[in-house]
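1. Provided below for reference: sequence and predicted model.
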Amino acid sequence: MKIAIIDYNSGNTQSVICAMDRIGIHAFVTDDHDDIRAADKVIFPGVGEAASAMKAVKEKKLDTLVLSLKQPVLGICLGMQLMCRHSEEGNTDCLGIFETQVKKIPAKDDLKIPHMGWNTISGLKGPLYKGVPGNVHVYFVHSYCADLCAETNAVTDYSVRFSAGLSKNNFHGVQFHPEKSGVAGEFILRNFISL
């Protein structure tokens with residue numbers, strides 16, 4: 001099985017590769033369009049800032065490529081946010097796969113921004129979460145979050161309720177980092193591989 005991790009200079013690619021190795025799956029990092037098209041599954045990771053990341057995606061013409069993919073695609077953290085319609089971060093137009101907006105997490109009470117550390121996900125729906133118990137803890141690092149929408153398949157509450165996960169057709173996204181989320185994260189990655 002060929003698992004391609006999209007390289008656009010904003011990804012946490014090494015930790016994703018290590019997580020895939022732990023579950024016995026070989027993954028490779030590439031920005032080659034033919035390699036990505038030929039892969040059985042595609043991971044769209046991301047760490048950083050939306051505007052510069054989207055600029056890099058467009059420079060490599062990965063925007064049109066991602067939109068054309070028919071195999072399962074998993075966006076992680078910033079990768080998921082770039083799959084939404086628009087991000088307030090840098091006033092960025094994104095890929096528009098998911099019909100929702102990405103907004104700054106509002107400062108509230110004594111909650112620190114960025115939202116960093118372990119938090120629960122609930123309202124789990126769809127094959128990505130098959131066998132995953134509700135209110136399981138996963139690892140987050142982010143200052144922006146996707147609004148709830150019809151495509152939301154996992155929810156987290158931190159200052160506001162937001163989409164911890166999104167799915168539409170062959171596209172899936174998680175705001176948390178499954179590669180840093182221990183057993184639960186590995187379970188979710190296995191579910192993605194088995195799609």
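-> Received, thanks.
2. Enumerate every residue touching Asp35.
-> 4, 28 (CB atoms under 8 Å, 6 or more residues apart in numbering). The way it works is simple: take the backbone N, C-alpha and C, and place the C-beta from them, glycine included.
3. quick one: what helix or strand has it in it?
-> helix 33-38 (DSSP states H and E).
4. Only alpha carbons, please: show the following helix or strand past that helix as CSV.
-> Proceeding N to C from helix 33-38, the next assigned helix or strand is strand 41-44, under DSSP H and E. The C-alpha coordinates for strand 41-44 follow below in CSV (Å, rounded to 0.1, in the frame of the first residue of the first chain):
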residue,chain,number,x,y,z
LYS,A,41,-4.1,7.1,0.6
VAL,A,42,-2.9,10.7,1.0
ILE,A,43,-2.1,12.6,4.2
PHE,A,44,-2.1,16.4,4.1
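5. neighbouring strands for strand 41-44, and are they parallel or not?
-> strand 3-6 (parallel), strand 73-76 (parallel) (DSSP bridges).
6. so which of these is the most packed in?
-> Compared across these, strand 73-76 shows the largest average neighbour count, a mean of 28 (mean count of other CB atoms under 10 Å).
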